[in-house]
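Undergrad: structure for this input, please:
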Amino acid sequence: MIDADRECRRLLEFARTSAASPSGFLWLDGSGRPDPSQPVHAWITTRMTHVFSLAHLQGVPGAGELAAHGVGALTGAVCDREHGGWYAAVSPEDGVPVDTTKAAYAHAFVLLAATSAAAAQVPGARALLAEALGVVQQHFLDDGGRVVDSLVSDLRSGESYRGANSSMHMVEALLAAGDVAGDGHAHAQALGIAGHLIHDVARSWGYLLPEHFTLDWEPLPDYNADRPGDPFRPFGCTPGHLLEWSRLLLHLEASLDEPPAWLVEDARGLFARAVEVGWDVDGEPGFLYTVDWQGRPVVRLRMHWVHAEALAAAAALHRRTGEESYAAWQRAFEDFVEEFLIDGEQGSWHHELDEHNRPSATVWAGKPDVYHAYQSLLLARRPLAPVLSVQLASVRSAP
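TA: Next up is the predicted model:
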């Protein structure tokens, strides 16, 4: 089994070099050096701000300064003060926007980062949280409470697309906002998004959740069939997202006063389906990246984030149900991580393995951030609610 404390410290040490730009956190290569070919991505800056805020709450030396660096970027270069919201990417040298798209995916992480930084009492984080929650609820949730995937720079309508990935991370962010800001409405919004995509859509598809939809939320099963290995919008079903949703449903259940019974039922169903179609199905251990609508392998690469989410989901199900089978799955997933993903030489985890579990870079070059790996090790050993930042803040403030 992984020594979680030691591994978290190792991940944080690797990640520190990503703060090399005044505009935010940088994409790291395989050895932990900033990649000069990459801009400052909002999704990396937000996720690293979240991680270092959690680390600060754990008392890690220097983590508070790194969390403050992230809040400074999110209230500075990455933030669009003219129209509101946050740019997708800016220049690392001078903070000039290089991608002015306003994406729900990135905005969900702005909200998540703001909640963790606020819980960690990082200066400016409370104002950032209020701003992020306002932007999300005004612009990225429609009248039915469903996620608007992307907007143009002035926050008007963007592409004719809706996606399950951004919706999933919005559930994560709204759960955190509900706990940190004391906003019960945010929890209700998270339940509404999950109810639609999981209890209605995924369940009707035998838990092979479609990832891509029209503006009216009609599934697009052939979307990106010509680009099956897209890093954010791959063709087919993504077993890793089934695992991530499974865990989130259990956090949601634990956060509600009167949770519906389907939350734990669907969490079980998603996990079982992910293992059935994704784990050890092609003669090699590990989870595949994607499968088709018959559950057959499409992209056989193994992504680090899928295995991080697998061990966190198994731990959550074990905590919720007490069933030993889930503990056994957690051990199996941690064994895989320890054998194949942890890079003991250059640091962090290999972000991608080929079909024979050798390091590769077909979809993901380098090791952009440590969000999935670090968070999964914390989640696997803590209660389901409240969110990590609130739990850690409570421990820190205890006499």
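Undergrad: flag every buried residue along stretch 2-18.
TA: Under the neighbour-count criterion of 16 or more other C-beta atoms under 10 Å, stretch 2-18 has 2, 7, 8, 10, 11, 12, 14, 15, 18 buried. Where you see a C-beta, it was placed from the backbone N, CA and C, and this is true even at glycine.
Undergrad: just the residues you listed: which has the poorest pLDDT?
TA: Ranked by pLDDT, these bottom out at residue 2 (95).
Undergrad: which phi and psi values does the spatially most central residue of the chain adopt?
TA: Of all residues in the chain, the one closest to the mean position by C-alpha atoms, centre = their mean is residue 169, 5.8 Å from it. Phi and psi for residue 169, reported as degrees, to the nearest 10, are phi -70, psi -20.
Undergrad: tell me which helix or strand the nearest residue to it once chain neighbours are set aside sits in.
TA: Leaving out its chain neighbours, the residue that sits closest to residue 169 by C-beta to C-beta, 6 or more residues apart in numbering is residue 108, at 4.1 Å. Element membership for residue 108 (DSSP states H and E) is helix 104-119.
Undergrad: so which of the buried residues of stretch 2-18 comes closest to residue 258?
TA: residue 8 (34.8 Å; C-beta to C-beta).
Undergrad: and what about the closest one, helix, strand or coil?
TA: Secondary structure for residue 8, judged by DSSP: H, G, I helix; E, B strand; the rest coil, is helix.
Undergrad: thought residue 374 was touching it, still the case?
TA: Yes - using C-beta atoms under 8 Å, residue 8 is in contact with residue 374, at 5.8 Å.
Undergrad: overlap in contacts, these two.
TA: Common neighbours of residue 8 and residue 374 are listed as residue 55 (criterion: C-beta atoms under 8 Å, 6 or more residues apart in numbering).
Undergrad: what angle separates the helix or strand that the helix holding residue 108 is followed by from helix 104-119?
TA: Using DSSP H and E, the helix or strand that follows helix 104-119 in sequence is helix 125-135. If you take axes from the mean of the first three to the mean of the last three C-alpha atoms, to 10 degrees, helix 125-135 sits at 150 degrees to helix 104-119.
Undergrad: ok, residues contacting the next helix or strand after helix 125-135?
TA: Using DSSP H and E, the next helix or strand after helix 125-135 towards the C-terminus is strand 150-151. Residues outside strand 150-151 that contact it (C-beta under 8 Å, 6+ apart): 85, 101, 102, 103, 104, 139, 140, 157, 158, 159, 161.
Undergrad: distance check, the third one against residue 37.
TA: Looking back up the chat, that one is residue 102. In this structure, residue 102 and residue 37 are 24 Å apart, going by C-beta to C-beta, to the nearest Å.
Undergrad: between these two, who's got more neighbours?
TA: residue 102 (27 against 9; other C-beta atoms under 10 Å).
Undergrad: the more buried one contacts residue 88, correct?
TA: Yes - in this structure residue 102 lies within contact range of residue 88 using C-beta under 8 Å: 7.4 Å.
Undergrad: between the two, which contacts overlap?
TA: Counting by C-beta under 8 Å, 6+ apart, nothing touches both residue 102 and residue 88.
Undergrad: quick check: residue 307 touching residue 341?
TA: Yes - the pair residue 307 / residue 341 is scored as a contact, 6.2 Å apart, by C-beta under 8 Å.
Undergrad: more crowded one of these two?
TA: More crowded of residue 307 and residue 341, by other C-beta under 10 Å: residue 307, with 26 against 22.
Undergrad: residue 316 in helix, strand or coil?
TA: helix.
Undergrad: again, but for the one 10 residues further on
TA: Reduced to three states with three-state DSSP, the structure at residue 326 is helix.
Undergrad: list the contacts of it.
TA: So residue 326 contacts 271, 314, 315, 317, 318 (C-beta under 8 Å, 6+ apart).
Undergrad: again, 10 Å this time
TA: 268, 271, 313, 314, 315, 316, 317, 318, 319, 320 (C-beta atoms under 10 Å, 6 or more residues apart in numbering).
Undergrad: again with residue 188
TA: Neighbour list for residue 188: 145, 174, 178, 256 [criterion: C-beta under 10 Å, 6+ apart].
Undergrad: just the buried ones from those?
TA: Buried subset of those (neighbour count, 16+ other C-beta under 10 Å): 174, 178, 256.
Undergrad: where does the last one land on pLDDT?
TA: What that stands for is residue 256. On the pLDDT scale, residue 256 is placed at 97.
Undergrad: now it: closest residue in space that isn't a chain neighbour?
TA: residue 187 (6.2 Å).
Undergrad: need phi/psi at the one you found.
TA: phi -60, psi -40.
Undergrad: shift numbering so it begins at 413
TA: In the new numbering, first residue 413, that becomes residue 599.
Undergrad: who touches it in this structure?
TA: 583, 586, 587, 589, 590, 591, 664, 667, 668, 669, 671.
Undergrad: for the chain, which segments count as helices?
TA: Ranges of helices within the chain are 416-427, 454-469, 475-486, 516-531, 537-547, 576-592, 596-606, 615-616, 651-667, 674-690, 716-733, 736-748, 783-791, 800-809, based on DSSP state H.
Undergrad: quick one: contacts for the nearest residue to residue 598 once chain neighbours are set aside?
TA: Spatial nearest neighbour of residue 598, chain neighbours left out: residue 590 (3.9 Å); criterion: C-beta to C-beta, 6+ apart. Going by C-beta under 10 Å, 6+ apart, residue 590 touches 527, 596-603, 664, 667-668, 797-799.
Undergrad: could you list the low-pLDDT ranges of the protein?
TA: 809-811 (pLDDT under 70).
Undergrad: let me have the helices of the chain in JSON lines, extended by distance to residue 759.
TA: Shown next, in JSON lines, are the helices of the chain (distance: least, C-beta to C-beta, whole Å):
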{"stretch": "helix 416-427", "distance to residue 759": "4"}
{"stretch": "helix 454-469", "distance to residue 759": "15"}
{"stretch": "helix 475-486", "distance to residue 759": "16"}
{"stretch": "helix 516-531", "distance to residue 759": "23"}
{"stretch": "helix 537-547", "distance to residue 759": "28"}
{"stretch": "helix 576-592", "distance to residue 759": "26"}
{"stretch": "helix 596-606", "distance to residue 759": "34"}
{"stretch": "helix 615-616", "distance to residue 759": "40"}
{"stretch": "helix 651-667", "distance to residue 759": "22"}
{"stretch": "helix 674-690", "distance to residue 759": "27"}
{"stretch": "helix 716-733", "distance to residue 759": "13"}
{"stretch": "helix 736-748", "distance to residue 759": "19"}
{"stretch": "helix 783-791", "distance to residue 759": "11"}
{"stretch": "helix 800-809", "distance to residue 759": "23"}
